[in-house]
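Colleague: Could you work out the structure for the sequence below:
(one chain, ligands or ions: 1)
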Amino acid sequence: MCRYKCVTLQRPDAIVSGHTTHIIMSAITILGIESSCDDTSAAVITDGILRSNVIASQSVHEEYGGVVPELASRAHQQNIVPVVSAALSRAGIKPQALSAIAFTRGPGLLGSLLVGTSFAKGMSLGLRTPIIDVNHLHGHVLSHFIRRKADDEVPEFPFLCLLVSGGNSQLILVKSAHDMTILGHTIDDAAGEAFDKCAKVMGLPYPGGPHIDRLAAEGDPHRFKFAKPRMAGLDYSFSGLKTSFLYTLRDELKKNPQFVTENMADLAASLQRTIVDILLDKLDAAVKQTGVKTVAIGGGVSANSGVRDAVAAYCAANGLKAFIPERVFTTDNAAMVAIAGYFKYQKGEFCQYSEVPYARVSI
Ligand code: KG4
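Modeller: Just a heads-up that it's a prediction; the model follows:
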């Protein structure tokens, strides 16, 4: 049996002339580049197995209480060369050995995306290696296919993915790596925004989600009751919860100016429980509607202990297989870009140099 994979692809020079080139490769090695928000990341994956994943987080935004787009772009410019170099050297890969360079094309901050996109194009031109554009949201969903070793378990299609981040809260039916349908999404704030905005009114630093998570471990999740939305169908809403949280603090602070400092842990635990309840309520409805046997979670909020424990317990109680990602693959990382690029590579889906990044795009 032939041990080489024969793929048909358009190399950069062929893309210009419109010709197709056939090449023989022993392994598919993809460099992933992620620069959609405030993490500069590069990763190398060979045949689905992770060889390196380097992430440079930007601390410059902390004092502003949120990501400042202009500062993010500048930090990406400073970080991208050392981060890509580190990813290649940790993987023990020479740039010439890459099969393709995958980059996040969107959604995200346009200035940040331009850094990764332009870097990928420049590297591609220099190496004559094809480029693959990746939808950041596909990356989060497909992060469950990143393997550290060959026998690591990956989800079987179809599965349901709860994608929860700072910008998205979606229930996605994943029929294949290339065929995903959004069953429900938030009509206002994302779950991550609810964490971050409520944390901000408690005086916690940005991003507040991890701080709420840490405090919640010490608190009583049933001490305070906050509003839950009554939404038909599978859509989410978190703005009512945010308002209810704000009004509770405002009213209680009038009675006791130390209310927040004296009740940090209980507030965090009660907020986290409410967000988890809202997420699980629609997840359960989506499982019943689709009849799937496998549930996965992804996105920054899937790092939350309450979300992870609740989804694992729900799946165990209902005979479902749960895929809970390693924490390093929940927030923005290039390994997920590389794995999404790997799937596109196998289908021969490459990108033209004329393609530009997009700030907004659906799954
Ligand atoms: O996916 P992500 O890194 O960025 C995008 O929004 O694309 O998600 C960031 C979000 C932030 O809202 C952050 O507060 C939240 O994920 N987050 C958490 C936790 N870790 C990150 N929220 C709750 N608990 C956590 N442990």
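
Colleague: Tell me the residue of the stretch 1-150 of the chain that sits nearest the ligand?
Modeller: Here the residue of the stretch 1-150 of the chain nearest the ligand is Cys37; by CB to the nearest ligand atom that distance is 5.6 Å. In this view, the C-beta of every residue, glycine as well, is placed from N, C-alpha and C.

Colleague: name the element that residue belongs to?
Modeller: Counting by DSSP states H and E, Cys37 is held by no secondary-structure element, helix or strand.

Colleague: per-residue confidence for Pro91?
Modeller: Careful, residue 91 is Ala; it's not Pro. Model confidence at Ala91, expressed as pLDDT, equals 98.

Colleague: Equivalent analysis for Asn168, please.
Modeller: Looking at Asn168, the pLDDT reads 88.

Colleague: wouldn't it be in contact with Gly300 here?
Modeller: No - with the criterion set as CB atoms under 8 Å, Asn168 and Gly300 do not qualify as a contacting pair; they are 9.5 Å apart.

Colleague: Just list the residues touching whichever residue of the stretch 251-363 of the chain sits closest to the ligand, thanks.
Modeller: Shortest the stretch 251-363 of the chain-to-the ligand distance, computed as CB to the nearest ligand atom: residue-wise this is Gly300, at 2.0 Å. For Gly300, the contacting residues are Val164, Ser165, Gly166, Gly192, Pro207, Gly209, Thr330, Thr331, Asp332, taking CB atoms under 8 Å, 6 or more residues apart in numbering as the criterion.

Colleague: correct me, but Leu241 touches Pro229?
Modeller: Yes - proximity of Leu241 to Pro229 meets the contact threshold set by CB under 8 Å, at 7.3 Å.

Colleague: So for those two, which sits in the more crowded spot?
Modeller: Neighbours of Leu241 and Pro229, each counted by other CB atoms under 10 Å, are more numerous for Leu241; the result is 23 against 17.

Colleague: Would you list the phi and psi of Leu173?
Modeller: Torsion angles at Leu173 (phi, psi; degrees, to the nearest 10) stand at phi -90, psi 120.

Colleague: So for it, what's the pLDDT?
Modeller: The model's pLDDT for Leu173 equals 98.

Colleague: Excluding chain neighbours, what is closest to it?
Modeller: Distance criterion CB to CB, 6 or more residues apart in numbering; nearest residue to Leu173, sequence neighbours excluded, is Thr181 at 4.7 Å.

Colleague: quick revisit: which ones among the contacts of Gly300 lie within strands?
Modeller: The strands, defined by DSSP state E, take in Val164 from the contacts of Gly300.

Colleague: just checking: which of the contacts of Gly300 also lie near the ligand?
Modeller: Among those, the ones lying close to the ligand by the criterion of CB under 6 Å from any ligand atom are Ser165, Gly166, Gly192, Pro207, Gly209, Thr331, Asp332.
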